[in-house]
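> Structure for the following, please:
(one chain, ligands or ions: 1)
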Amino acid sequence: MAITKENIQQLIALQEQDAALDKVQKEMDLIPRQIAVFKADLDAAKAKVAEFKAKTLALEKLKKEKELELAAREEAVRKHSMELNQVKTNDAFKALQQEIERDKAAGSAIETDILEAMEGIDSARKAERAAAAENKVLEDKANADIAALEKTLSEIQAKFDGQKAVRDGVAAQIPADMMRIYNHVRSRGKPDAIVPVDGENCSACRINLAPQMVIEVAKTKALVICESCQRILYKPEAAAKPV
Ligand SMILES: [Zn+2]
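I've put the predicted structure just below:
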């Protein structure tokens, strides 16, 4: 493939543009990750509030159950107390009295459970309110931070688009077959697709080049590719633009 000194300079200029674009791209790639961290913090804070809310609800449910249980015991006491007047034997009277005492003792234990549940509800509600207030502060800050990051991202994107247009202008001047080689090398994870020779070595992979190859590179007449790393080679002097 025939090549001119101008092509070499265009490829080097393109590579500089692409390196700058890669840098901007890296800056952009970072932002969604930073936003994700803020969002994860927000989710964690919301989960904490929900946890206290669930605790309150569970205790309220327990309290309701205990209240029904207590009502049933109280009803039993009432019923058995009335039955006391109707029993005929002393044994039956005693048995009924014992049952009433058992229900009263059980009712008293249930009342303690209800009081404990009420205290639990009270502290869970307080914790929920505190977490919600804390969450609000965090949310406001995170939302502001996310908005700022999104603004930065759109600014960087605009910068990227501007630089990309310049880069595409440079690329348009380079023959398509050279661009194919250049793009191929870059797509293989080598952003420095065109590199100078360093004496008799490829300056990127350091392989010792065949003497004939060094001569070909020096001529700047045909495109020379490093046999080891496939990068395009040029002699450093070719990169110097005429003054
Ligand atoms: Zn090489």
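> where do the helices sit along this structure?
Under the criterion DSSP state H, the chain contains helices at 5-83, 90-172, 176-187, 211-219, 236-239.
> for the longest one, packing partners?
The helices and strands touching helix 90-172, judged by 3 or more C-beta pairs under 8 Å, 6 or more residues apart in numbering; DSSP states H and E, are helix 5-83. Every residue, glycine included, has its C-beta placed from N, CA and C.
> ditto for the first one
With contacts defined as 3+ C-beta pairs under 8 Å, 6+ apart, the packing partners of helix 5-83 are helix 90-172, helix 176-187, strand 194-198, strand 232-234, helix 236-239.
> Please identify the deepest-packed of those.
When the helices and strands packed on helix 5-83 are scored by mean count of other C-beta atoms under 10 Å, the highest mean neighbour count falls to strand 232-234 (a mean of 24).
> Can you pull out the residues in contact with that strand?
Residues outside strand 232-234 that contact it (C-beta atoms under 8 Å, 6 or more residues apart in numbering) are 8, 11-12, 178, 181-182, 185, 193-197, 202, 209, 213, 217, 220, 223-226.
> restrict those to those near the ion?
Subset of the contacts of strand 232-234 in contact with the ion: Cys202, Cys226, counting by C-beta under 5 Å from the ion.
> Could you tell me which residues of this structure lie near the ion?
Proximity of the chain to the ion (C-beta under 5 Å from the ion) is limited to residues Cys202, Ala204, Cys205, Cys226, Ser228, Cys229.
> Check the spacing between the residue nearest the centre of the chain and Ala76 real quick.
A centroid search over the chain (C-alpha atoms, centre = their mean) returns Ala36, at 3.4 Å, as the residue closest to the centre. Counting by C-beta to C-beta, to the nearest Å, the separation of Ala36 from Ala76 is 59 Å.
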